[in-house]
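Trainee: this is a predicted model, with the sequence first.
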Amino acid sequence: MAAADPASEVEMNDFFLYETQAQLQMAIFGNSDKFMKDTNEAIRGVFAGTADPRYGREWGLRVLEGTAAGEIPTSPADLVAESCPMHISHRPHSVAAAAANGCPFVGKHAGTVRGPLTKKLMESPSSFPSRWGNTMLFAFAGHDTTGHTLTWLCFELAKQPSIQRKLVAEVDAFWASKGDAELEYTDFLKLPFMTKC
């Protein structure tokens, strides 16, 4: 077998970590596509310990406070040491309160909570530092475990072509039967072999 061209190789683990962070940011937190693209690699760098942890602090605050894309530095190197005048423990308990207190992260987007998880976190009676901590926990654990599980699944499927073919056949049949209908959570019940993977 000939060696693969390094220029065409894909680092699957990094690919899955990027994609799971992307889905988490957009579907669960409600971040825009631009915000996700601008911050995905940098926030994963914070989680990997290769980037300034202050970037993670700012990212989490801005996710909670409904900041629009373009209002966050796109790399840890662009951070201003103390970009918000309020320490995290003194943060307001709601997006509207953050705007009323003049926090620059909120601006014209005050009251905008886009994602279902962000909404639940902001409605929580917990302190703002606890909500920020939960935001960071979901952002790390939600993408890390899923990304690594997908990587391992692909590795195992590559070693078992018969299982791979069975899985592909089930997924193909599912999409053929689904047509243009909206996906629903209960649709996963129609994929019994996939749920075993």
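Mentor: Sure thing, it's come through. Residues are numbered from 1 along each chain as shown.

Trainee: please make it C-alpha for all contacts and neighbour counts, starting now.
Mentor: Will do.

Trainee: quick check: next helix or strand after the helix or strand of the chain with the lowest mean pLDDT?
Mentor: Lowest by mean pLDDT, DSSP states H and E among the helices and strands of the chain is helix 95-100, with a mean of 50. Going down the chain from helix 95-100, the next helix or strand is helix 116-123, by DSSP states H and E.

Trainee: quick one, strands of the protein?
Mentor: For the chain, strands defined by DSSP state E do not occur.

Trainee: tell me where it has helices.
Mentor: 12-23, 33-48, 53-64, 95-100, 116-123, 128-159, 161-178, 192-196 (DSSP state H).

Trainee: comparing the ones you listed, which gets the lowest mean pLDDT score?
Mentor: Mean pLDDT is lowest for helix 95-100 out of those, coming in at a mean of 50.

Trainee: re the thing from before, most tightly packed of the helices of the chain?
Mentor: helix 53-64 (a mean of 21; mean count of other CA atoms under 10 Å).

Trainee: packing partners for that one?
Mentor: helix 33-48, helix 116-123, helix 128-159 (3 or more CA pairs under 8 Å, 6 or more residues apart in numbering; DSSP states H and E).

Trainee: tell me what the longest one is packed against?
Mentor: So the one you mean is helix 128-159. helix 12-23, helix 53-64, helix 116-123, helix 161-178.

Trainee: could you say what helices and strands the longest one packs with?
Mentor: When contacts are defined as 3+ CA pairs under 8 Å, 6+ apart, helix 161-178 sits against helix 128-159, helix 192-196.

Trainee: just the CA trace of it, in PDB.
Mentor: Taking C-alpha atoms only, helix 161-178 is exported to PDB below (Å, rounded to 0.1, in the frame of the first residue of the first chain):
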ATOM      1  CA  PRO A 161     -15.400  -3.600   7.800                       C
ATOM      2  CA  SER A 162     -18.500  -5.800   8.200                       C
ATOM      3  CA  ILE A 163     -19.700  -3.700  11.100                       C
ATOM      4  CA  GLN A 164     -19.000  -0.500   9.200                       C
ATOM      5  CA  ARG A 165     -21.100  -1.800   6.200                       C
ATOM      6  CA  LYS A 166     -24.000  -2.700   8.500                       C
ATOM      7  CA  LEU A 167     -23.900   0.800  10.100                       C
ATOM      8  CA  VAL A 168     -23.700   2.600   6.700                       C
ATOM      9  CA  ALA A 169     -26.600   0.500   5.500                       C
ATOM     10  CA  GLU A 170     -28.800   1.400   8.500                       C
ATOM     11  CA  VAL A 171     -28.000   5.100   8.200                       C
ATOM     12  CA  ASP A 172     -28.600   5.100   4.400                       C
ATOM     13  CA  ALA A 173     -32.000   3.400   4.900                       C
ATOM     14  CA  PHE A 174     -32.900   5.900   7.700                       C
ATOM     15  CA  TRP A 175     -32.200   8.900   5.400                       C
ATOM     16  CA  ALA A 176     -34.100   7.300   2.500                       C
ATOM     17  CA  SER A 177     -37.200   6.800   4.700                       C
ATOM     18  CA  LYS A 178     -36.900  10.200   6.400                       C
END
